[in-house]
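[1] Just to be clear, the model below is a prediction. Sequence and coordinates:
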Amino acid sequence: MYSHIASNKRKSVLLIAVFTGVLAAAGYVYGEINGSGSAGLVFALAISLGMTAFSWFFGDKVVLATTGAKLIEKREQYPYLWNLVENLTITAGMPMPKVYVIEEAAPNAFATGRSPELASVAFTTGIIALLENEELEGVVAHELSHVQNRDTLYMVLVAVMVGALSLMGDLFFRIGFGGRRSKDSGGGIFMIIGIVFLILSPVIGEIIKLAISRQREYLADASGALMTRYPDGLASALAKISANAQPLARTSTATSHLWIASPFGNSKKIASLFSTHPPVEERIKRLKQMGGGN
């Protein structure tokens, strides 16, 4: 279990480093083509900081509002779910997050919030009705692991980087190609290379974001299994969720990486390279291995 967690952390850190490099390179190319030099890097940083600030303070509220999540303010509203969350937070030695329920038949769940002290976990009524005790406990542990591992903040920062890359490319083409560099000897070739890079960098960024999302799902699976000491519970839950997959009524590609399973159900068949979640068969296989199964 510990080896799975350590491996996924290393891979995620590497992916973040590559992502940061792509963002810095895009800023540099933008500055060179526009003739503003290092100002391109400053521009990239300014965009990222502005988007990060908004996401930091309002990101979780926006996600909860757009999904139609309703806050459970009393244990009596959903005592079964409340007790599972409370018991596992005590076990993990972490603060009790706010608990939300979404009136949705599709079985799914997510966590959000920039820190364990300000975290929220949300579950659809479909997942509460579908899963048995040990299975729902596994899902709760998975979501709490996202909070404990700071995935909720981690993925916000990654999403902001992707947004910054896309915005930079869009602004570049709106502002135009004029600049000192384009008039220099060889500037035409550099501009062509730069334009191609600025077109491709948002795509590269999106692929990296999705790869990081998949690694964080593996990490949360391993951490959740460690929390409950029963990997088979989460493995069984994932199998049921996959078998009963259906699209959520209120979701978007911007928040799809937050959910424990793809919110698009089986209606959106896309290549694994562009999937926000690892193959459920691989997730179940890894959990079975942690539990000593075949």
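    Okay, I see it. These numbers were taken from a predicted model, which means no experiment stands behind them.
[2] From Ala141, how far off is the closest residue to Leu248 other than its chain neighbours?
    Spatial nearest neighbour of Leu248, chain neighbours left out: Pro263 (4.3 Å); criterion: Cβ to Cβ, 6 or more residues apart in numbering. Just so you know, the C-beta spots here come from the backbone N, C-alpha and C atoms, and that holds for glycine as well. Noted for Pro263: a distance of 20 Å to Ala141, by Cβ to Cβ, to the nearest Å.
[3] what sits against the closest residue to Glu132 other than its chain neighbours?
    Spatial nearest neighbour of Glu132, chain neighbours left out: Ser236 (7.8 Å); criterion: Cβ to Cβ, 6+ apart. Applying Cβ atoms under 8 Å, 6 or more residues apart in numbering to Ser236 gives the contacts Glu132, Glu134, Glu135, Gly138.
[4] Quick one: residues contacting the residue nearest to Leu248.
    When contacts are counted by Cβ under 8 Å, 6+ apart, Pro263 is found next to Ala106, Asn108, Pro247, Leu248, Thr251, Thr255, Ser256.
[5] Sort out which of these are buried, if you could.
    Neighbour-count burial (16 or more other Cβ atoms under 10 Å) applied to the contacts of Pro263 gives Ala106, Asn108, Leu248, Thr251, Thr255, Ser256.
[6] Tell me which of those fall in strands.
    Judged by DSSP state E, those include no members of strands.
[7] now, the most widely separated pair of these?
    Ala106 and Thr255 (14.1 Å; Cβ to Cβ).
[8] quick one: buried residues of whichever strand or helix holds Glu135?
    Here Glu135 is covered by helix 133-148, with elements defined by DSSP states H and E. For helix 133-148, burial by neighbour count (16+ other Cβ under 10 Å) applies to 135-148.
[9] CA atoms only for it, dumped as CSV, please.
    This file holds the C-alpha atoms of helix 133-148, laid out as CSV (Å, rounded to 0.1, in the frame of the first residue of the first chain):
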residue,chain,number,x,y,z
ASN,A,133,-21.8,-0.4,4.2
GLU,A,134,-18.2,-1.4,3.4
GLU,A,135,-18.5,-0.2,-0.1
LEU,A,136,-19.8,3.3,0.8
GLU,A,137,-17.1,3.4,3.5
GLY,A,138,-14.5,2.8,0.8
VAL,A,139,-15.9,5.7,-1.3
VAL,A,140,-15.9,8.0,1.7
ALA,A,141,-12.3,7.0,2.5
HIS,A,142,-11.3,7.7,-1.1
GLU,A,143,-12.8,11.2,-1.0
LEU,A,144,-11.3,12.0,2.4
SER,A,145,-7.9,10.8,1.0
HIS,A,146,-8.2,13.4,-1.7
VAL,A,147,-8.6,16.0,1.1
GLN,A,148,-5.8,14.6,3.2
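[10] and it, what other elements does it pack with?
    When contacts are defined as 3 or more Cβ pairs under 8 Å, 6 or more residues apart in numbering; DSSP states H and E, helix 133-148 sits against helix 79-92, strand 109-112, strand 120-124, helix 125-130, helix 187-228, helix 231-243.
[11] Report how far apart the opening and closing residues of stretch 235-251 are.
    End-to-end span of stretch 235-251 (Cα to Cα, to the nearest Å): 24 Å.
[12] coming back round to it: take the contacts of Pro263 and write them to JSON lines, including distance to Lys74.
    Output for those, formatted as JSON lines (distance: Cβ to Cβ, whole Å):
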{"residue": "Ala106", "distance to Lys74": "25"}
{"residue": "Asn108", "distance to Lys74": "24"}
{"residue": "Pro247", "distance to Lys74": "31"}
{"residue": "Leu248", "distance to Lys74": "26"}
{"residue": "Thr251", "distance to Lys74": "27"}
{"residue": "Thr255", "distance to Lys74": "27"}
{"residue": "Ser256", "distance to Lys74": "31"}
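[13] JSON lines please, covering the contacts of Ser236 and showing distance to Ala65 and pLDDT.
    Formatted as JSON lines, those follow (distance: Cβ to Cβ, whole Å; pLDDT from 0 to 100):
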{"residue": "Glu132", "distance to Ala65": "31", "pLDDT": "96"}
{"residue": "Glu134", "distance to Ala65": "32", "pLDDT": "96"}
{"residue": "Glu135", "distance to Ala65": "28", "pLDDT": "97"}
{"residue": "Gly138", "distance to Ala65": "28", "pLDDT": "97"}
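[14] Which single one of these is nearest to Pro97?
    Among the contacts of Ser236, Gly138 lies closest to Pro97 (Cβ to Cβ), at 16.9 Å.
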